[in-house]
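Engineer: Fold the stuff below for me.
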Amino acid sequence: MRRIAVLAILLCAVAGLAAAADMPEISVNYSYQGSRPLPYKTWAGLQGGRGDVVWTFSRHWSLVGEVAGEHSRLFSNTKAPLTLFTAMVGPRLYLVARRKNEKPMRLRPFLQVVGGGAYATEGKFPDGTLIRNQAKSIAAAGGGGLEPG
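Structural biologist: You can find the predicted model right below:
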């Protein structure tokens, strides 16, 4: 939990520095994660929200920060609730850079990789011979997309 709090504070500090230099892109999103964990046959879904901050500091590179929280009342066959928090930060690479005097592109493709920490509570997490009600882990995500030019 302490690492996630430190990462969230670092994300806020980066957002503050970005705001002082240039306005960052800030987004707030609804999220849903669904899965069917083995060996269970029932579907499990987590609902929640996510906040992203993107600070562009060159034509090719941006820094991305993401904080998310999701919850499920009854997770799969364990019949236990689950709350999951993640905090991640990492680089975004724009595949096509726009020159200063060029007409803006409609869409710019990008790739990004973020990493950080995850903290889960209220669930049932095996730890050797014990079952704990909280767990910590590393978190990572990668992907890409299209951004308005």
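
Engineer: contacts, neighbours, all on C-alpha from now
Structural biologist: Will do.

Engineer: Any regions of this structure where pLDDT drops low?
Structural biologist: 1-22, 36-42, 74-79, 97-105, 123-128, 130, 149 (pLDDT under 70).

Engineer: What is the longest strand of it by residue count?
Structural biologist: The residue-count maximum for a strand in the chain (DSSP state E) belongs to strand 107-127.

Engineer: Which elements pack onto it?
Structural biologist: helix 2-21, strand 61-75, strand 80-94, strand 130-148 (3 or more Cα pairs under 8 Å, 6 or more residues apart in numbering; DSSP states H and E).

Engineer: Give the full set of residues in contact with residue 144.
Structural biologist: By Cα atoms under 8 Å, 6 or more residues apart in numbering, the contact set of residue 144 is 109, 110, 111, 112.

Engineer: Tell me how many other residues crowd the third one.
Structural biologist: Think residue 111. 15 (other Cα atoms under 10 Å).

Engineer: Tell me if I'm right that it and residue 64 touch.
Structural biologist: No - counting by Cα atoms under 8 Å, residue 111 stays clear of residue 64, with 11.1 Å between them.

Engineer: what sits in contact with each of these two?
Structural biologist: Common neighbours of residue 111 and residue 64 (Cα under 8 Å, 6+ apart) are residue 92.

Engineer: Surely residue 117 and residue 88 touch.
Structural biologist: Yes - Residue 117 is within contact range of residue 88, at 6.5 Å (criterion: Cα under 8 Å).

Engineer: and the contacts of residue 144, which are buried?
Structural biologist: For those, a burial check counting by 16 or more other Cα atoms under 10 Å picks out 110, 112.

Engineer: wait, which of the contacts of residue 144 is closest to residue 50?
Structural biologist: Nearest to residue 50 among those, counting by Cα to Cα, is residue 112 at 16.4 Å.
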